[in-house]
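Participant: structure, please.
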Amino acid sequence: MRLGGAALAVSLLAACGTTTGTASRPPTGSTTSAAPTTTTTTVPPTTTTTTAPEQPGWTTADRSALGINADQRTIAEPDGTQIAITRFLAARVHYALHVGSEDPPTGSASITALDGSIVAPQEAPILVGAFNGGFKVAAAAGGMEVLGQVLTPLENGLASLVIDQDGSAHIGIWGQTIPVPGEAVASVRQNLAPLVVNGAPSPSINDIAAWGATLGGGSAVARSALGIDAQGNLLYAGSMSAVPADLANALIAAGAVTALELDINPYWVQVDTSPTPGAPLVAGVPGQQRPANQFSVGWTRDFVTVLSNG
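Facilitator: Here you go, the predicted structure:
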């Protein structure tokens, strides 16, 4: 079942995850005749099913029958800063963008359970994880579109998470690398200029003020970011104490080619995953303030759900 998209709220989806083995059934028998006798030999049917093993350096965060949906690792920066990375595998999951109960303002937009402030009942059984969105609309960090409805105008040149009508997601620079011609865009979440471009940190990476106002004016605060690697996997990076360069460097080390900063400051940074789709969620950033089930009970700010393909 694939949730999200402007065309259909809920649709059935054939499982499309990658597997390294497939069920095979040899012929049930072969008959060789040599008059005046007949001999029949039957080969028993065999079935072999395998799933991809963990990649070295990564630990499975969510697994279903067809394989790994999400995995995690921690990357230490030279100064000792620890960045938690959660990777959602493109072939195994799809996404939906949700608005919060307080932000962003929805105006006259039609908001349904599939894009509201709580994980939808249809999503719960296949929920792999969820993570926070970007800054409040008042911060003027970019636009937002949900299921074809523009809540805040989109701006060219800003880093953008785009979720298409089929639930797939990617990250790019709005008006430059995305959207591509003919793309069936469903939802968009922008937040500032790109944190990572072409596998390198932003030229402004050390300008702390360019990456949002922090509590008390400090540099190393709770921060989050979202990147995409060459295989199309999304990479969430979070820490309760980091500067923008820490996030960018960790994402690049994990394979990100493009990334945007998400929300900052301790009350907002949160990512959660389930051991298997629909199981209770587990917090993914050490020390995060919000409980692991926050998005399941409802939240004031926008967030993204990650859903299993099967």
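
Participant: contacts and neighbour counts: CA atoms only from here.
Facilitator: Fine.

Participant: what is the lengthiest helix in the chain packed up against?
Facilitator: The residue-count maximum for a helix in the chain (DSSP state H) belongs to helix 244-253. With contacts defined as 3 or more C-alpha pairs under 8 Å, 6 or more residues apart in numbering; DSSP states H and E, helix 244-253 has these neighbours: strand 67-76, strand 82-88, strand 200-201, strand 221-229, strand 234-242.

Participant: for these, give me a markdown table that also has mean neighbour count and distance to G287.
Facilitator: Converted to a markdown table, these look like this (neighbours: other C-alpha atoms under 10 Å; distance: least, C-alpha to C-alpha, whole Å):
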| stretch | mean neighbour count | distance to G287 |
| --- | --- | --- |
| strand 67-76 | 22 | 14 |
| strand 82-88 | 26 | 11 |
| strand 200-201 | 20 | 26 |
| strand 221-229 | 27 | 10 |
| strand 234-242 | 27 | 7 |
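
Participant: could I get the ones you listed as JSON lines with mean pLDDT?
Facilitator: Converted to JSON lines, the helices and strands packed on helix 244-253 look like this (pLDDT from 0 to 100):
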{"stretch": "strand 67-76", "mean pLDDT": "98"}
{"stretch": "strand 82-88", "mean pLDDT": "98"}
{"stretch": "strand 200-201", "mean pLDDT": "98"}
{"stretch": "strand 221-229", "mean pLDDT": "98"}
{"stretch": "strand 234-242", "mean pLDDT": "98"}
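
Participant: closest to A253 out of those?
Facilitator: strand 67-76 (8.0 Å; C-alpha to C-alpha).

Participant: ok and that closest one relative to strand 234-242, angle-wise?
Facilitator: 30 degrees (axes from the mean of the first three to the mean of the last three C-alpha atoms, to 10 degrees).

Participant: thinking again about what came up before, turn the helices and strands packed on helix 244-253 into JSON lines, columns for distance to I264.
Facilitator: Converted to JSON lines, these look like this (distance: least, C-alpha to C-alpha, whole Å):
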{"stretch": "strand 67-76", "distance to I264": "19"}
{"stretch": "strand 82-88", "distance to I264": "14"}
{"stretch": "strand 200-201", "distance to I264": "18"}
{"stretch": "strand 221-229", "distance to I264": "4"}
{"stretch": "strand 234-242", "distance to I264": "9"}
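
Participant: these: which one's closest to Q190?
Facilitator: Proximity to Q190 (C-alpha to C-alpha) singles out strand 221-229 among these, at 11.2 Å.

Participant: quickly run through the sheet partners of the closest one, with directions.
Facilitator: According to DSSP bridges, strand 221-229 forms sheet pairs with strand 234-242 (antiparallel), strand 256-264 (antiparallel).
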